[in-house]
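*Asks:* Generate a structure from the sequence data that follows.
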Amino acid sequence: MGSYKTSTLSNGLLWFGAAVSIAEIFTGTLFVPLGFSKGFIAIVIGHIIGCILLYYAGIIGAKSGKSAMESVGLSFGNKGRNYFAVMNVLQLVGWTAVMIIQGARAMGVMLNTNLGMQSDLLWGIIIGAAILVWVVIGPKNLEKVNIFAVGSLFILTIFLGATVFNRGSNVNISGEMGFGAAIELSAAMPISWLPLISDYTRDAKHPITATRVSVITYFAGSVFMYTIGLGSAIFTGESDIAVIMYKAGYGILGVLIILFSTVTTTYLDVYSAGVSLKTIHAGLPEKTMAIAVGLIGTAIAIFTPVEQYQNFLYLIGSVFAPMISILIADYFILKKDNIKKSVDVTNFIIWLIGFTIYRLLLNMNLAIGSTIPVMIITVIICVIADKIRKLKV
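*Replies:* Sure thing, here's the model as predicted:
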C-alpha cells in the first residue's frame with residue numbers, strides 16, 4: 001500500500017478523465033442500428049450493470065487495502081492471481097496501443113488541413129510522451145494537473161455535445177445490432193476497468209467514499225461519451241468524431257480534447273499495468289514498469305495496425321466478469337480468504353465454466369446481455385461449491 005493518500009476529488013477527476021475518450025465515443029457509434037432512444041436505453045442499462053461490478057471491485061480494494069490483482073489472490077491464491085495479472089497486463093498493453101493509435105489518427109484529421117501535417121508516427125509519439133509525463137508525475141501529484149486537464153475536458157465535451165446534437169435531423173440508419181448485444185457492448189467498457197479500480201481506491205484517504213465518487217463520475221462521463229458517439233452517427237451521418245470537430249471549426253480546441261482525453265484515459269492503463277507486474281514479481285518497480293508498458297504500447301500503436309476492438313471488448317468481458325463474480329461471492333457472501341493458498345483449483349474451474357457460458361451466451365443475443373446471467377450462475381456455483389466443501393470437511 002502506498003505511503004500517501006489520495007483525496008476523493010483526485011479519484012473523481014481520475015475516473016472522469018478515464019471515461020472521456022475517443023474509444024468511448026467510437027463505441028457509441030456502433031449503437032446506430034438501434035436508433036437514438038433505444039440505443040441510449042441500452043447504453044444506460046449496460047453501464048448500470050458494468051458499474052455495479054466496478055463498484056464492488058473498488059470496494060474490495062478499499063476495504064482490504066490491496067491492489068486490484070492482489071485482491072484477486074483472495075479467491076484464486078497468491079500464485080493463482082498471477083494468471084489474471086498477466087491477462088490484465090496484456091489487455092492494458094492492448095488498450096494503450098488502441099488509445100494511442102485512435103488519438104494519433106484523430107489528431108491527424110484535425111491538423112491535416114490547418115497545418116499541412118498528418119502523421120500517425122508523429123502524433124503517436126507526442127501522445128505516448130504525454131502519457132509518460134503523467135506517469136512520472138504520479139498519482140500523488142496529479143490532482144492539480146487533473147483539475148486543469150479534466151476540468152477543461154468537461155467544458156470542451158459540453159461544447160462537443162452541443163455541436164453534435166444541434167446538427168440537424170436523423171440520417172438513414174443501417175446495419176444490425178440486437179438489444180442484448182448492445183447492452184453487453186455498453187457493459188464491456190466499465191468491466192474493462194474492473195482489474196484496475198482497486199489500484200486507486202486502496203490509496204484513498206476515504207476509500208469507500210472515493211469508490212462511490214469514482215464509479216459515479218465514470219458512469220456519468222462514459223454514458224455521455226457513448227451518447228455523443230451515438231448522436232454524432234445519427235444526427236450528422238459521420239462516425240468519426242475528429243471529422244465532426246474539424247467541420248465544426250474546433251481547430252486547436254479539438255486537438256486539445258483529443259490529446260487530453262487520450263492521455264487521462266491511457267495513463268490509468270499504463271500505471272495499472274505497472275502495479276499488476278509488481279504483483280507478479282514484488283521486485284519490479286511500479287513506475288518503471290508503467291513507463292516500459294507505455295513505450296511498448298506506443299511502439300505497437302505506431303508500427304502495428306490496431307483495428308476492430310469490438311471483439312477485444314467482448315473478450316475482456318468474458319475473462320473478467322466471471323473473475324469478479326467469484327471474488328464478490330467469496331468476499332461478500334462466503335467470507336473466504338485464499339491468499340495463503342498457492343492456487344485455488346476449484347475457483348479456477350468455476351471461472352472456466354463462467355468464461356465458457358459467457359462466450360456461448362454472446363451468440364444467443366439475450367435481451368439482458370451476457371454479464372448478468374454469467375454473474376448469477378457463477379455466484380450460485382460458488383455458493384454450491386462452498387457448501388459441498390464444508391460437507392466434506
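
*Asks:* any low-confidence regions in the protein?
*Replies:* Residue ranges of the chain with pLDDT under 70: 1-4, 113-118, 167-175, 305-310, 393.

*Asks:* so where's the longest helix in it?
*Replies:* Longest helix in the chain, counting residues (DSSP state H): helix 120-165.

*Asks:* Measure how far the helix or strand following that one is from the centre of its chain, please.
*Replies:* Sequence-wise, the next helix or strand downstream of helix 120-165 (DSSP states H and E) is helix 179-192. Here helix 179-192 is found 11 Å from its chain centre; the criterion is CA atoms, centre = their mean, to the nearest Å.

*Asks:* which other helices and strands contact the helix or strand just after helix 179-192?
*Replies:* Next along the chain after helix 179-192, taking DSSP H and E as the criterion, comes helix 198-201. Packing partners of helix 198-201 (3 or more CB pairs under 8 Å, 6 or more residues apart in numbering; DSSP states H and E): helix 8-19, helix 36-64, helix 68-76, helix 207-235, helix 252-280. Glycine gets a C-beta too; all of them are placed from N, C-alpha and C.

*Asks:* now what about helix 198-201, what contacts it?
*Replies:* With CB atoms under 8 Å, 6 or more residues apart in numbering as the test, helix 198-201 has contacts from 6, 11, 14-15, 57-62, 66-68, 70-71, 139, 207, 210-211, 214, 268, 271-272, 275.

*Asks:* For whichever strand or helix holds Ile296, buried residues please.
*Replies:* Applying DSSP H and E as the criterion places Ile296 in helix 286-303. For helix 286-303, the neighbour count (16 or more other CB atoms under 10 Å) marks 286, 289-298, 300-302 as buried.

*Asks:* okay, the angle between that helix and helix 252-280?
*Replies:* 130 degrees (axes from the mean of the first three to the mean of the last three CA atoms, to 10 degrees).

*Asks:* what inclination does the following helix or strand past helix 286-303 have with respect to helix 179-192?
*Replies:* Using DSSP H and E, the helix or strand that directly follows helix 286-303 along the chain is helix 310-328. Counting by the same axes, to 10 degrees, helix 310-328 points 70 degrees away from the direction of helix 179-192.

*Asks:* Which elements pack onto helix 310-328?
*Replies:* Using 3+ CB pairs under 8 Å, 6+ apart, helix 310-328 is in contact with helix 36-64, helix 68-76, helix 81-115, helix 179-192, helix 345-362, helix 371-392.

*Asks:* how close does the residue found closest to Trp193 once you drop the neighbours it is linked to in the chain sit to Glu184?
*Replies:* Spatial nearest neighbour of Trp193, excluding adjacent residues (CB to CB, 6 or more residues apart in numbering): Leu54 at 5.9 Å. From Leu54 over to Glu184 the distance is 15 Å, taken as CB to CB, to the nearest Å.
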